[in-house]
Structure formats: structure tokens, C-alpha cells
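Participant: got a sequence here, can you model it:
(one chain, ligands or ions: 1)
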Amino acid sequence: MIWLLFFGTMALSGLASLLVRGAFSRYSKTPSSSGLTGAQAAQCILSNAGIRDVTILAQPGALTDHYDPSNRRLVLSEENFHGTSVAAIGIAAHESGHALQHQARYAPLELRMAAVGITNATGMIIPFIGMAGYFLSPRLALILMAGAMGIIMLFQLITLPVEFDATARAKRVVGELGLVGPGKQTAGMNRVIDAAALTYVAAFISAFLYFAYYLLQASGGRRD
Ligand SMILES: [Zn+2]
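Facilitator: I've put the predicted structure just below:
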């Protein structure tokens, strides 16, 4: 059962990241008629919103793009920082969407920021819970595991509105500012950022399945 869960959730997240990479590699070849790079598009969105305290940085690696609210940094992978494709602008606009959420004190983002510490701590404790089962009681370990997975599942759950809303803001502002041409260009950009949201759905489903599994085990329905 645990192996089925392990390989099932691995396949799910593998499929989601395959879809993202597929959409990205396809639309990273479609240039945007605005001619802007991802970094310029992000700068345009931030300036338009009156955000002046967020630094836009390039980082090596593929799809390393993220918004770091505690340091007010908008980090783009080098490819998207310098790229002028609809994929690069779409991803830069999505990360800018997080900066817009931060500025607007969007409640799910604030909740997610508050939950980062406990979620990271939980992630570090999980490998040691198995030892608790070995030295103390297996049942206690299962209860602790269910609790830990529950925390991770809740974190993935609040991540969903944050990600979907950032994408919705990105689509809106890209259209308003004309950062990407209409028709095929916009459709391509949407394919990339919609696919990216799927990885968060996959992460939530995986966390939910692990939580349900350990909850069932801890409540006595033991099926090995
Ligand atoms: Zn995001």
C-alpha cells in the first residue's frame, strides 16, 4: 500500500512537471510582439502598481523562478530573465502577481507566509518519526506521521489559492499593459502558466493521500 502510494504520487508529480516542461519548451520559442524580456515585463508590472521595493534578480537553473516575500525579491531563472518569449513573460508576470498579492495584503499569501516556518520544521522532523516508532511505539509514530502529513497538506492547500490568484492577476495585468500580443501569443502564455499551476494541484493531492493513509493506519485500519 505504501509503495503504491509512493510510486503513484511520484508518477503524478512527474506527469505534472512533464506537462509544465512541455508547455514551457514549446512556448519559449514563441516571441512576444512587445519585445520585452521577462525582467522588463516584471519591472513594468511592478512600476505600474507603484511597487518600488522589490528587486528583480536572475538565478541560474531551469524554472527556478519564485517570489521571496520576506526579502522582497522577485527571482527569475536566467532563461526567463533575459528571454523575450511569451513563456518567459508569462512566468515573470506570475511571479509579479505574487508581489501584487503581497502589496494588497492578500490573505491566503499572508497565511502561507505565516505557515512556512512550521511546515519547514515539520519536514525536518518527518525522517525522525520513524525512529520514534522503532524506539517507542509504532502506533505513536503513525499518529505523529498523520499529524505531520496533515500540516503539510494544509500548507499545500493554502498554496492553491495563492498560485491560482497570482496567475489570474498575471493574465489580467499582461492584457492591460499589452506585454504579450493578443490571440496566439496570449493563448500560448496561458498554456504555460496554467500548466505551472497543475504542479501545485499534484502536490496537494499527494499530501492529501499521504495524510489519509497515515490517518487510516493510526486509527487502526492496518493494511500493509
Ligand atoms: Zn507562484
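
Participant: for the rest of this, base every contact and every neighbour count on C-alpha atoms.
Facilitator: Fine.

Participant: tell me how far stretch 9-20 lies from the chain's centre.
Facilitator: Put simply, stretch 9-20 sits 13 Å off its chain's centre (C-alpha atoms, centre = their mean, to the nearest Å).

Participant: likewise for stretch 109-120?
Facilitator: On C-alpha atoms, centre = their mean, the centre of stretch 109-120 falls 13 Å from that of its chain.

Participant: so what's the most centrally placed residue in the chain closest to, chain neighbours aside?
Facilitator: Using C-alpha atoms, centre = their mean, the residue of the chain that lies closest to the mean C-alpha position is Tyr200, 5.3 Å off. Among residues not flanking Tyr200 along the chain, Leu160 sits closest, at 6.5 Å (C-alpha to C-alpha, 6 or more residues apart in numbering).

Participant: over to Arg139?
Facilitator: Arg139's closest residue in space is Ala218 (C-alpha to C-alpha, 6+ apart), at 6.1 Å.

Participant: quick one: the residue nearest to Tyr200 and Pro60, what's the gap?
Facilitator: The gap separating Leu160 from Pro60 is 26 Å, by C-alpha to C-alpha, to the nearest Å.

Participant: surely the residue nearest to the centre of the chain is in contact with Val162?
Facilitator: No. Look at Tyr200 against Val162 with C-alpha atoms under 8 Å: they stay out of range, at 10.1 Å.

Participant: so where do the helices sit in this protein?
Facilitator: 2-27, 38-48, 78-82, 86-103, 107-135, 138-177, 184-218 (DSSP state H).
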